[in-house]
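Chemist: here is a sequence together with a model predicted from it:
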Amino acid sequence: MDCGKCLKHVSDAEMIKCTSCLTVLHFFCADLSESDFKRILPMNRKKWKCSACKSKKITPTSSVSPKTSLASSLNVDTDMLTKYMDGKLADLRQQWRDDLNAAIFEVTRKLRDDIVSLENRMSTWEGQLLQVEEQVTNTTNTLEKIKSECASQANNMLQEFKRDNESLRAENMTLTAKLAQFDQLSRAANIEIQCVPEHRGENLTKIIQQVGNVIECPVNEQDIHYCSRVAKLDSKSNRPRSILAKFSSPRLRDEFIAASIKFNKANKDNKLNSSHLGIGGIAKSAVYVVEHLTPENKVLHAAARQKAKELKYSYVWVRNGRVFMRKNAESNFLHVKSVDILSRLS
């Protein structure tokens, strides 16, 4: 198609057509700049009129406002432009709204996915925590079971140890008693003469024979197998050391002790003493003839005498290494086997 002014070919990109005279023109032949041409909207191009057609309707006396003249010169329909712009703005608002909703939806979706992932992880952690709690519970139960078993075994072992200890203690007491008995039996032929004053050059054999003569139980020298002074149990004591003598037989020992008891009963005002032995130069002192006791029996005999004083027992004596007590002549005798028996007396 050719331009109605320059008669040259008009391309679609440069063409503008008058709606009144239907003349086709280049936009520059219609006195429009390229920028003005591009600002004319497609909808307004359908209502565009050339300057010749426009001049036919304009009267000399007519007054046109700057905006009207600008719109007329640009062939723009302001109402249509307003509607077009409103539509575009509406489209933009809708686009923005859609984009915003899409962005919110995407953020919400991601947030929801994150929450679901976090819930899954928390569920996994909760499961693991339950497993740990179960393992801790099982471990605690196992430890409690082991503790209970150990306590039971320890208690059983303790009870067994106690029984063994009691058995060993009883056995030890039995063996100790037997040993003490054997020790005492080894002294069955021995006598102990106490409180005989000591002096240099003394002849213990002669002293023992002199005691035998006084109590009317003569002893031959060959019947005295051994004699000696023995050490004191209490080194601080002022009493003379006792004389220990071993006779030829327990029977002779028993006869010698019985004779001394008989002598003392017959001579209550002048019991056996140092003057009977021909020991002068010192004050007269009592002399005692007793069985030769083991150290343990001596301690028991001393404790029995002390208890007898406290409880006013009349008799305490020793026979064959055993200690006896009697309240009075009419009461039964008591065999004192240990200090425990004395502690129970009242």
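Modeler: That came in fine, so what should we check first? Quantities reported herein were computed from a predicted structural model and do not represent experimental measurements.
Chemist: okay, CA-based contacts and neighbour counts for the rest of this
Modeler: Fine.
Chemist: which element, helix or strand, includes Y226?
Modeler: Under the criterion of DSSP states H and E, Y226 resides in strand 224-229.
Chemist: show me this structure divided up by domain.
Modeler: Listed domain ranges for the chain are 15-75, 77-185, 189-292, 293-346 (source: automatic domain parsing).
Chemist: out of the ones you listed, flag the one nearest D2.
Modeler: Evaluated over the domains of the chain, closeness to D2 peaks at domain 15-75, with 7.2 Å, by C-alpha to C-alpha.
Chemist: let me see the mean pLDDT of the closest one.
Modeler: Over the span of domain 15-75, the pLDDT mean works out to 72.
Chemist: now do stretch 105-119
Modeler: On average, stretch 105-119 scores 89.
Chemist: how far is that stretch from where the chain is centred?
Modeler: Remark: stretch 105-119 is offset 49 Å from the chain centroid, using C-alpha atoms, centre = their mean, to the nearest Å.
Chemist: hmm, back to that, and the contacts of the next helix or strand after the strand holding Y226?
Modeler: For strand 224-229, the succeeding helix or strand toward the C-terminus, using DSSP H and E, is strand 243-247. Applying C-alpha atoms under 8 Å, 6 or more residues apart in numbering, the external contacts of strand 243-247 come out as 187, 189-194, 196, 204, 223-230, 253, 292.
Chemist: PyMOL command for the buried members of the residues you listed?
Modeler: Burial among those is assessed by 16 or more other C-alpha atoms under 10 Å; the matching PyMOL selection reads:
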select buried, resi 187+189+190+191+192+193+194+196+204+224+227+229+253+292
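Chemist: so how far is T19 from F37?
Modeler: 16 Å (C-alpha to C-alpha, to the nearest Å).
Chemist: look at these two and report which has more neighbours.
Modeler: Neighbours per residue (other C-alpha atoms under 10 Å) separate F37 from T19, with F37 holding more: 19 against 15.
Chemist: next, count neighbours for the residue nearest to that one when sequence neighbours are not counted.
Modeler: Nearest residue to F37 in three dimensions, chain neighbours excluded: F27, at 6.5 Å (C-alpha to C-alpha, 6 or more residues apart in numbering). Neighbour count of F27, defined by other C-alpha under 10 Å: 20.
Chemist: surely F27 touches E34?
Modeler: Yes - at 7.4 Å, F27 counts as touching E34 under the criterion of C-alpha atoms under 8 Å.
Chemist: count of neighbours near R241?
Modeler: So R241, with other C-alpha under 10 Å, has 20 neighbours.
Chemist: got a markdown table for the domains of the chain, with distance to H9 too?
Modeler: Listed next are these as a markdown table, based on distance: least, C-alpha to C-alpha, whole Å:
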| stretch | distance to H9 |
| --- | --- |
| domain 15-75 | 9 |
| domain 77-185 | 28 |
| domain 189-292 | 159 |
| domain 293-346 | 151 |
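Chemist: can you spell out which helices and strands pack onto the strand holding Y226?
Modeler: Counting contacts by 3 or more C-alpha pairs under 8 Å, 6 or more residues apart in numbering; DSSP states H and E, strand 224-229 is packed against helix 204-214, strand 243-247.
Chemist: what's the closest non-adjacent residue to W317?
Modeler: Spatially, and ignoring its direct neighbours in sequence, W317 is nearest to F324 (5.4 Å; C-alpha to C-alpha, 6+ apart).
Chemist: what kind of secondary structure is that neighbour in?
Modeler: Assigned by DSSP: H, G, I helix; E, B strand; the rest coil, the conformation of F324 is strand.
Chemist: quick one: find the helix or strand in the chain with the lowest mean pLDDT.
Modeler: Every helix and strand of the chain was ranked by mean pLDDT, DSSP states H and E. The lowest is helix 66-73, at a mean of 49.
Chemist: following element in sequence after that one, please.
Modeler: Sequence order places helix 78-185 as the next helix or strand after helix 66-73, per DSSP H and E.
Chemist: list the helices and strands whatever helix or strand comes next after that next one packs on?
Modeler: Using DSSP H and E, the helix or strand that follows helix 78-185 in sequence is strand 190-194. Counting contacts by 3+ C-alpha pairs under 8 Å, 6+ apart, strand 190-194 packs against strand 243-247, helix 250-266, strand 288-291.
Chemist: and the angle from strand 190-194 to helix 78-185?
Modeler: 90 degrees (axes from the mean of the first three to the mean of the last three C-alpha atoms, to 10 degrees).
Chemist: please report the distance of S117 from T108.
Modeler: 14 Å.
Chemist: please apply the same query to M173.
Modeler: 92 Å.
Chemist: same thing with N141?
Modeler: 47 Å.
Chemist: repeat for A90
Modeler: For A90, the distance to T108 - C-alpha to C-alpha - is 26 Å.
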